[in-house]
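Student: This is the structure alone, sequence omitted:
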């Protein structure tokens, strides 16, 4: 019985981490281009974004990348919320057959919860471009003058607080669900043992 309470507590903490995890920026991305013409420098910021998970889904939807937006929404928003609602219902239904059915269903969709981890991995892949810098040097002839032209771009990215909250959600949710499921398995074994 302690495992069941502990598992639910971990899932309760996980869902409280989930909310800021999807609302706060997961990462920031900044891309700037610099043109250096014979010592004079012009810099223009091409991209300057702080994106949360919900903002990312919204941008993908607006860019008509509907499949990717729907997959991220389903795996990172819908499944976690459904999982928590079902866990709460199962927790309230103490020692009933519906509790075992719910935990069985959750363990089946639990495999899909690895998609949460996949989403986090995508963000990490985006962040791997950190400090990627390119530079091209040319010599430009204009009215008989030779000008040195250097065009460079730099991409900077950083993790935001949403990333850490969402990662905490993923880990605690997996742990809480595993503990809750093991408590049901333990209770079922105790009930099925002959005295």
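Tutor: Everything's here; your move. Just so it is clear, the structure is predicted and the values come from calculations on it, not from any experiment. Numbering: from 1, shown residues only.
Student: Show me the strands in this protein, by range?
Tutor: 25-37, 40-52, 132-142, 145-159 (DSSP state E).
Student: Near residue 173, how many other residues are there?
Tutor: Neighbour count of residue 173, defined by other Cβ atoms under 10 Å: 24. Bear in mind the C-beta positions are built from the backbone N, C-alpha and C, glycine included.
Student: pLDDT score assigned to the residue nearest to it when sequence neighbours are not counted?
Tutor: In space, and not counting its chain neighbours, residue 173 is closest to residue 14: 4.0 Å by Cβ to Cβ, 6 or more residues apart in numbering. Reported pLDDT at residue 14 in the predicted model: 93.
Student: count of neighbours near residue 14?
Tutor: By other Cβ under 10 Å, 24 other residues sit near residue 14.
Student: Please look at it and residue 167 and confirm they touch.
Tutor: No. Residue 14 is not in contact with residue 167 according to Cβ atoms under 8 Å; the separation is 10.9 Å.
Student: between the strands of the chain, which has the poorest average model confidence?
Tutor: strand 132-142 (a mean of 65).
Student: Can you add mean neighbour count and distance to residue 1 and give the strands of the chain back as TSV?
Tutor: Listed next are the strands of the chain as TSV, based on neighbours: other Cβ atoms under 10 Å; distance: least, Cβ to Cβ, whole Å:
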stretch	mean neighbour count	distance to residue 1
strand 25-37	17	37
strand 40-52	12	38
strand 132-142	10	53
strand 145-159	14	39
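Student: With distance to residue 83 as extra columns, can I get those in TSV?
Tutor: Below are the strands of the chain laid out as TSV (distance: least, Cβ to Cβ, whole Å):
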stretch	distance to residue 83
strand 25-37	20
strand 40-52	20
strand 132-142	37
strand 145-159	25
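Student: Having no further points to raise, I will conclude here.
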